[in-house]
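> need a structure here:
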Amino acid sequence: METNSFDAIVVGTGISGGWAAKELTEKGLKTLVLERGRMVRHGEYPTATTDPWDIPFGNRVTQETKQRKPVQTRSQYPTPSNTHWFVDDLDNPYTEVDGSRFDWIRGNHVGGRSIMWARQSYRFSPLDFESNAKEGIGIPWPVSYDEIAPWYDHVETFAGISGASDGLAQLPDGKFLPPMELNCVEIEFQRKLTEKMGRKLIIGRVANLTAPLTHDQSPQRAPCQYRNLCIRGCPYGAYFSSLSSTLPSAERTGNMTLLANKIVYELIYDNDKGKATGVRVLDAETGAQTDYFAKVVFLCASTLGSAYIMMNSVSARFPNGFGNDSGELGHNLVDHLKAAGVSATVEGHEDVAYTGRRANGYYIPRYRNLGKEKRDYLRGFGYQGRASRSGVGRFNNSSMIGAELKQAVQEPGPWVLNLSSFGEILPNHLNHATIDRSRKDKYGLPVLKIDTKLRENELAMQREMVADGVEMLEAAGYKNIHVGENNYGMGLSIHEAGAARMGKDPKTSVLNKFNQVHACKNVYVTDGSFLASSACQNPSLTYMAFTARAAHHAVEELKKGNL
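Numbers count the residues shown, from 1 in each chain. Coordinates of the predicted model:
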């Protein structure tokens, strides 16, 4: 027990786990960090500098990948250049209830999905923290924006978020590096949206460095090279990930022990002490089982990963899952709602080109249900998109050959502008996950059973998301407007959250305002599980802020002897 004992244990190495490791080790705690997947170190990105002509199959999703990864390929992300970052669904199955669809997109390796994320980094607003209470939806948030704002400052400064200060109440400004630049068509669309519809378009706020960081704690990071190959992993450390940023900081303290291929499947609870004493682990390579012990445990294994560990931790004290006195563990699953994408061609500007491949797009912040306006649904949505010149891909189905084709591909194609949307899904007890003990994964562990569907509020919002997208492109005078297929299933936005929500009342929530399990204060859960509602902004920056705040709280509570 002595050799397996630490001050703190962190489960998971993604966005939240990396931050927990950094903050706890920098505050002096000897911290064990456990990752269920393989070891990856910063710079170990197999295809990061591979030329496109050296990527097999034209970098298109292969039939073999579709067979091994039928869920992961619903997202169309796992191409030959990055398929190694996505789990094998056959080895890591889960059960979808009949009539339900949930796309669980996962990356089991050190760094987790922080390697593959889209890096869009937005704060939740005061409105987002207040809406549940005002509308009687779910349960009220136990914290306010003002309580979290200093922690947004803290994580933005360290991570390096580029963006502009736009003065929007529904999208608070932050501590930004210089913004990336909109191109000529995006600037035109920005002007037309403002003049004709009174809507704002801004450059995306993104965790890519546009200038040196304002601190000296990440010497391994350099500014963005505008390659837009981020999903492969960035050898320059130009975007924030656990591998490029927080884990190196934790390692430099000398207080971190990082172990890969360690599957945490259960929390150890001491009924006499009334607290968790550690975690039970299965070695993914050898099958050996080991117990590790600590004064405090941080679950950062992803929303469904942490919920699984808690639901699988059954004891005399917690017969229905760890900390599940409220019966809400595994429930209230949300994601961000998508609608069919909308695009159009833009005439003119054919004498204008651009250099580089900007790893960012524009953002149209939420504009619905902000004031007295009332739609036939609650909450709102935003759009992300970009404008670009059509490339050689437009000739994929062309009948041209020889000299004619060679001449044609030398000229850039017309400008195309696209819109994709993210909307808020309301928390609902019926959207939930449980453990399916009738089915096992390759490690012999029971799997999750997930039961979710869109409700009327989401369906009404989804219809308007498409209609508004078309309306904006028509108002701008763009041609050949195209509405794509609506292939959304919950989970596909990869922003799943809410399975162990925080709240003031232990009867209706799993965690308190500091991310502690109500019934066991030395266990903190700081991934997406804690969200009481999701807003419509990308959530990762909020996970970072709450994780840093929770780590600070844990250290202070340890000093006081409260844990």
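
> mind listing the helices for the stretch 1-150 of the chain?
Per DSSP state H, counting those that start in this stretch, the stretch 1-150 of the chain carries helices over the ranges 15-26, 63-68, 126-135, 145-159.

> Kindly report the same for the stretch 401-550 of the chain.
For the stretch 401-550 of the chain, the helices defined by DSSP H, counting those that start in this stretch cover 402-408, 456-475, 540-560.

> hey, what's the residue lying closest to C536 once chain neighbours are set aside bridged with?
Using C-beta to C-beta, 6 or more residues apart in numbering and skipping the chain neighbours, the partner closest in space to C536 is E424 (4.4 Å). (Glycine included, C-beta is placed from N, CA and C.) Note on E424: beta-bridge partners H336, judged by DSSP bridges.

> ok, R68 to L90 distance?
Going from R68 to L90 by C-beta to C-beta, to the nearest Å gives 6 Å.

> Show me which of these two is the more surrounded one.
For R68 versus L90, neighbours defined as other C-beta atoms under 10 Å are more numerous around R68 (18 against 13).

> From what I see, the more buried one and N92 are in contact.
No - taking contacts as C-beta atoms under 8 Å, R68 lies outside contact range of N92: 10.6 Å.

> Let me know which of the helices of the stretch 401-550 of the chain is the nearest to R375.
Nearest to R375, of all these, is helix 456-475, at 6.8 Å by C-beta to C-beta.

> Tell me the helices and strands packed up against the closest one.
On a contact count with 3 or more C-beta pairs under 8 Å, 6 or more residues apart in numbering; DSSP states H and E, helix 456-475 meets helix 184-197, strand 336-337, strand 342-346, strand 381-389, strand 415-424, strand 479-483.

> Name all residues that make contact with the residue nearest to Q120 when sequence neighbours are not counted.
Leaving aside its chain neighbours, Q120 sits nearest to N538 (4.1 Å; criterion: C-beta to C-beta, 6+ apart). Contacts for N538 (C-beta atoms under 8 Å, 6 or more residues apart in numbering) come out as A118, Q120, S121, Y122, H336, F422, H495.

> Out of these, list just those in strands.
Among these, the members found in strands (DSSP state E) are H336, F422.

> Now tabulate the contacts of N538 in TSV and tack on distance to R455.
Formatted as TSV, the contacts of N538 follow (distance: C-beta to C-beta, whole Å):
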residue	distance to R455
A118	26
Q120	26
S121	29
Y122	25
H336	15
F422	17
H495	17
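
> Any chance of TSV for the contacts of N538, columns pLDDT?
Converted to TSV, the contacts of N538 look like this (pLDDT from 0 to 100):
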residue	pLDDT
A118	97
Q120	98
S121	98
Y122	98
H336	98
F422	97
H495	98
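
> could you dump the contacts of N538 to TSV with distance to H552 and neighbour count?
Below are the contacts of N538 laid out as TSV (distance: C-beta to C-beta, whole Å; neighbours: other C-beta atoms under 10 Å):
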residue	distance to H552	neighbour count
A118	28	20
Q120	26	22
S121	21	29
Y122	23	25
H336	28	26
F422	30	25
H495	25	23
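
> And the contacts of N538, which is closest to L448?
Among these, H495 lies closest to L448 (C-beta to C-beta), at 17.5 Å.

> List the beta-bridge partners for A433.
Residues in beta-bridge contact with A433 (DSSP bridges): I450.

> How many residues are close by it?
When neighbours are counted by other C-beta under 10 Å, A433 registers 26.

> repeat for L370
Residues near L370, counting by other C-beta under 10 Å: 14.

> The one 10 residues further on too?
If you count neighbours by other C-beta under 10 Å, G380 ends up with 23.

> residue contacts, it?
Contacts for G380 (C-beta under 8 Å, 6+ apart) come out as Q170, R366, Y367, R368, N369, L370, G423, E424, M461, C536.

> Need the max-distance pair from the contacts of N538.
Greatest spatial distance in the contacts of N538: S121 and H336, 14.6 Å, computed using C-beta to C-beta.

> which residues touch the residue nearest to V71 when sequence neighbours are not counted?
Of all residues not flanking V71 in the chain, D89 sits nearest, at 4.7 Å (C-beta to C-beta, 6+ apart). D89 is in contact with R68, K69, P70, V71, Q72, counting by C-beta under 8 Å, 6+ apart.

> Quick check on those residues: which are buried?
Buried members of the contacts of D89, counted by 16 or more other C-beta atoms under 10 Å: R68, K69, V71, Q72.

> sorry, back to before: give me whichever of the helices of the stretch 1-150 of the chain is most buried.
helix 15-26 (a mean of 30; mean count of other C-beta atoms under 10 Å).
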